[in-house]
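# Fold the following.
(2 chains)
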Amino acid sequence: MKAPARLLLLLGLLWGTAAEARSSLSAAELHEHAAAVAALRRGAPTEAIAQLELLADRGVVQPDVSYDRGLAYLTRAQSRASQPGDYGRAAAALQEALRLRPSDEGAQAALARVQEDLARARGRRGNTSLMARPSLLRAVLDFLPESLVAGLALAASLATTLGLALALFVRSVRRRFLGRWVTLLAGALGLLLGTWAWAARQQRHATREAVVIASEARLRDAAGIPLRGKELGGGDGLLPEGALLVILEETERFFLVEWGAKRYRVQRDEVRLLARD
Amino acid sequence: MRRVGPSLLALTLSLTSLAALAEVGLRSGPSSSRVEVGAPFTVTLHASLDGGEQVSSPSLAVPPGVVARGPSVSTQSSISMVPGQMRRTVELSITWTLVAPRAGQLKLGPASIVVDGRRLTDRSITVQIVPEGSVPAPRSRNRSRTGSAFDPFAAMDPFGGGDPFSGPMFPPGLAQQLGLLTPPGDPLDDVVRNWPEELNIDRPLDRTAFVDARFGPRKVVVGQQVTLGIYAYARPSPFEIAGGTDPSREDFLSYDLSEGTRTSEHQLLIGREAWYAGKIRQFALFPLRAGRLRVGPMQVTFQGHEKVGKGAYRELKRQSRPLDILVEEPPLNGRPAGYRVGDVGDFKLTAQVEPRSLQQGEAISVRIELNGTGQPPERILLPELPQLDWLPPTLSEDIHRKHEKIGGKRVFQYVVRVLGSGQLELGKVRLPFWNPATNHYEMAEAALGTVEARPSAKPPPPQSSTPSETPLPAARGALRPYQPAALPLTERRGFFLWLLLGPSAVLSYAALRRGLPRLARWSRQRALGPTQRVAAEILAARQSLSSGEGGSAASHLERAIHLAMSSYLKLESRALLRPALAKQLSELGVSGELSAELLAILEAADGLRFTGGGTSDVASLIQRTVRLCDGLRASRSRRGAQS
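Residues are numbered from 1 along each chain as shown, chains lettered A, B, ... in the order given. Have a look, this model is predicted:
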């Protein structure tokens, strides 16, 4: 490994270990989780959901708890006692588990199953719900992890510093020439990466992810009036259950969501925000 | 001026003697000539009759704004015996109770009555209305709306609470016997004191009419009843509501409580003014979500009963202020599992199961009744047993008003297939709810008991309706260790400053390194004479040459030349173009040869500044500059000698 790369890695490790670890579940919360799991195992998903939702309401953020909640909703969705929105809530809980622990293969498999069942249900109903791609800016910002961009920006800053030192303080004309070019290139790159990192940070702070938990969530205009095909340039203005949304702004009754390159409102009770650690 | 009198009063005194009208004597006067604002006083019209006259329609003209009630009538008869004749006299006292709203001279009357079809009128009366507190308080009965706890003079009151017709001196019901409309025991309290407490308001919101919306309780949780009352106020005369629109309330489930509860119009005092008021609408609102929820304004059209004075109104439109109601969720602390936000009230559950004995695979009927106050929830928690298959329920409800509270019952009628066999314990149905009266979560429960299911030869299929073939994965009993993702680098304190730190530190250092010597040189030069400053620049050029900085050396040489011109020739040459400079030098008497050399050196320095040039070129240029500066100094000396 080259020296700059080693330096970067060391810096990242130092900064990474400084992150605060979350406290684990209290004894009472562990007990409630155990009761929920027991209910789920004996075929009482509604009881399990009640316990697990209570934990979520209390602010417990733990990937396995989220996974079990998703599983409880999925179990009920596939039973005779199913209720509207069970699949969406299962998708929300499993997405949450994956956000907290991206390597969770069980959650990935369960989420795939939820999405498969939802797609099948939509197919049976003959719905043509909207599917949209993220905006260009979001696609660019999400292309590389924020920390990697930040690390590269830091490296570019170091290179710029080095280039400037060469250009200003070394007598050798050749080295000065080299220093000027390094300053120019690394400075431009640092400016670009620093802006990228800043924009990614702003986006992370200003937005939240959510999942549609209603059978269908309707896109609305600024006044909260449902939009139809013409106003949307096609489609019926319905967001499919289980769809992942980016929330830009919250009001008392609506969420402002980014859907494709445009922004719309959806009712708060039609989507569920994903918990963040 | 309006006339006050019982509209249907037909006061008839049937007396035995017939006497001429001319013998009727009228005399009227106030109870006091100085009365405080808002304090009640009376005006009494005394009439002396010989008897047998038909007396009716007593009347007293009062200015607008003055509250007048009455009249009340009392009679006193006397019989006098003169030789050969018995004479009977009736003294009639007609009393109005008045309250004046503002200070000033109050002209009342004249008071009048109709005697045998002819109206007889007395003189007008003047009463001085003074500000509150100007008149010493008389020892009187307690006028508190709620009544006095202790009145030492009450026992000595001959009228029994101020009512001239109900005291021990008079037989009960005399006023009714006389056909008066004024209720007994009511000189003042029933007029301007005894209005419903809910009509109280601190100050009027308008001079003539206004609508006020009020709600309670002030702080509620989602699903808790808020009672919204809308009240109309107007003056100076009674009014009717000719129309209006209800307030918007889209964030609430709403029940109209107005029907049958509309209060009659009351007369009341707001501050010192007399108003008419009544509750016109009442709603029970159940908030559907947390937040600051708005109730819109209610628009009302007032219709005055009569046109009186300046305050007359026919079609007066007013609207209430919008209200913001703060709604929260019930606390998380102590919240039971299965509680749904919005289930608020006080509920009880009862359940009936029929039949108790059946064949496996058959169904039982479960009737669950939810009773209580509050909006009855739409879902209850059912026991989840694999032996039972609960089919969707049939719901019926009976929600009604109980003393301004919404309540009632909701009946869930389930058909439940019994999939297992044997003695089956059905468990309990439950409903966790928040009780605002106790500020605690409570649980309504009803046990379903047991059923006896006889085994069937053909057991029913399992209840699962799983669309996928693959079984679901197991729940995670044990929680795996979880380390939240490290914060991104951008979250480190001052990350973006760190990005700028390196380059800016280098640039700052360079600036200091070059700037400080220049600063020192500049300050030194300021202390030197012209020749020394030129010499210093030439020395700096030599130093730059020795450190290999040809461009820098050229710059020093250029500065040396400009300094020399400035010092020796008083010529500020930096801003001059070369042709202009040549002309100026010529005008200053500098020889053409010297002038040409100067321009050539400046040209060469210009070139060297950008290219750096060779060491020998720079060294040669320094020598030429030294000679040039000497020449310029000599030129100055010559010019001095000539002048």
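
# burial of residue B:411, as a residue count?
Neighbours of residue B:411 under the rule other CB atoms under 10 Å in any protein chain shown: 17. In this view, the C-beta of every residue, glycine as well, is placed from N, C-alpha and C.

# Which residue, other than its chain neighbours, is closest to residue B:283?
residue B:228 (4.5 Å; CB to CB, 6 or more residues apart in numbering or on different chains).

# go on, residue A:150?
residue B:489 (3.7 Å).

# For burial, what's the neighbour tally of that neighbour?
With other CB under 10 Å as criterion, residue B:489 counts 22.

# Could you give me the buried positions within stretch A:202-217?
For stretch A:202-217, burial by neighbour count (16 or more other CB atoms under 10 Å in any protein chain shown) applies to A:203, A:207, A:208, A:209, A:210, A:211, A:212, A:213, A:214, A:215, A:216, A:217.

# Widest-spaced pair of those?
A:203 and A:215 (29.8 Å; CB to CB).

# Which of the buried residues of stretch A:202-217 fall within strands?
A:208, A:209, A:210, A:211, A:212, A:216, A:217 (DSSP state E).

# wait, which of those is closest to chain B?
residue A:209 (14.4 Å; CB to the nearest CB).

# so who does the closest one touch?
If you count contacts by CB atoms under 8 Å, 6 or more residues apart in numbering or on different chains, residue A:209 has them with A:95, A:99, A:244, A:245, A:246, A:247, A:273, A:274.

# re earlier: the residue nearest to residue B:283 reaches residue B:280, doesn't it?
No: judged on CB atoms under 8 Å, residue B:228 makes no contact with residue B:280 at a distance of 11.7 Å.

# Which stretches in chain A count as helices?
A:3-17, A:27-41, A:45-57, A:63-77, A:86-100, A:105-125, A:136-141, A:146-169, A:173-206, A:229-232 (DSSP state H).

# I'd like those helices as JSON lines, with distance to residue B:333 and mean pLDDT appended.
Putting the helices of chain A into JSON lines (distance: least, CB to CB, whole Å; pLDDT from 0 to 100) gives the following:
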{"stretch": "helix A:3-17", "distance to residue B:333": "35", "mean pLDDT": "46"}
{"stretch": "helix A:27-41", "distance to residue B:333": "12", "mean pLDDT": "93"}
{"stretch": "helix A:45-57", "distance to residue B:333": "11", "mean pLDDT": "94"}
{"stretch": "helix A:63-77", "distance to residue B:333": "19", "mean pLDDT": "95"}
{"stretch": "helix A:86-100", "distance to residue B:333": "24", "mean pLDDT": "95"}
{"stretch": "helix A:105-125", "distance to residue B:333": "30", "mean pLDDT": "89"}
{"stretch": "helix A:136-141", "distance to residue B:333": "39", "mean pLDDT": "83"}
{"stretch": "helix A:146-169", "distance to residue B:333": "36", "mean pLDDT": "93"}
{"stretch": "helix A:173-206", "distance to residue B:333": "30", "mean pLDDT": "93"}
{"stretch": "helix A:229-232", "distance to residue B:333": "44", "mean pLDDT": "68"}
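
# Residue B:566 is nearest to which of these?
helix A:146-169 (31.7 Å).

# that older thread, is the residue nearest to residue B:283 located within a strand, as I assumed?
Yes: counting by DSSP: H, G, I helix; E, B strand; the rest coil, residue B:228 is found in a strand.

# If you rank the contacts of residue A:209 by neighbours, which is first?
Going by other CB under 10 Å, residue A:245 tops those with 25 neighbours.

# Please verify my assumption that that residue contacts residue A:256.
No: look at residue A:245 against residue A:256 with CB under 8 Å: they stay out of range, at 10.2 Å.

# what about the stretch 151-300 of chain B, any weak spots by pLDDT?
B:151-193, B:259-264 (pLDDT under 70).

# The residue of chain A found nearest chain B: neighbouring residues, count only.
Residue of chain A nearest chain B, by CB to the nearest CB: residue A:161 (3.1 Å). Residue A:161 has 22 neighbours, counted by other CB under 10 Å.

# Next up, the contacts around the nearest residue to it once chain neighbours are set aside.
Spatial nearest neighbour of residue A:161, chain neighbours left out: residue B:502 (3.1 Å); criterion: CB to CB, 6+ apart. Listed by CB under 8 Å, 6+ apart, the contact partners of residue B:502 are A:157, A:158, A:160, A:161.

# Same question for residue B:247.
Here residue B:247 is in contact with B:213, B:228, B:230, B:295, B:296, B:297, B:298, B:320, B:322 (criterion: CB under 8 Å, 6+ apart).

# can you list the weak-confidence ranges in the stretch 301-450 of chain B?
In the stretch 301-450 of chain B (pLDDT under 70), the answer is B:305-313.

# Near chain A, which residues of it are found?
Within the stretch 301-450 of chain B, the positions adjacent to chain A are B:332, B:335, B:336, B:337, B:338, B:339, B:381, B:382, B:384, B:386, B:389, B:390 by CB under 8 Å from any CB of the partner chain.

# and the two most separated of those?
Going by CB to CB, the pair spanning those furthest: B:332 and B:389, at 34.1 Å.

# Those two: which is more packed in?
Ranked by neighbour count (other CB under 10 Å), residue B:332 and residue B:389 place residue B:389 first, with 20 against 11.

# Settle this for me: that one is touching residue B:415, isn't it.
No: the criterion here is CB under 8 Å, and residue B:389 misses it with residue B:415 at 9.2 Å.

# Any chance of the contacts of residue B:247 in TSV with distance to residue A:120 as columns?
Below are the contacts of residue B:247 laid out as TSV (distance: CB to CB, whole Å):
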residue	distance to residue A:120
B:213	52
B:228	48
B:230	53
B:295	45
B:296	45
B:297	50
B:298	51
B:320	53
B:322	48
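
# Give me the subset of those lying in strands.
Those of these lying in strands (DSSP E): B:213, B:228, B:230, B:295.

# So the second one versus residue A:72, what's the distance?
Between residue B:228 and residue A:72 the distance is 40 Å, computed by CB to CB, to the nearest Å.

# If anything else comes up later, I'll come back, but that's it for now.
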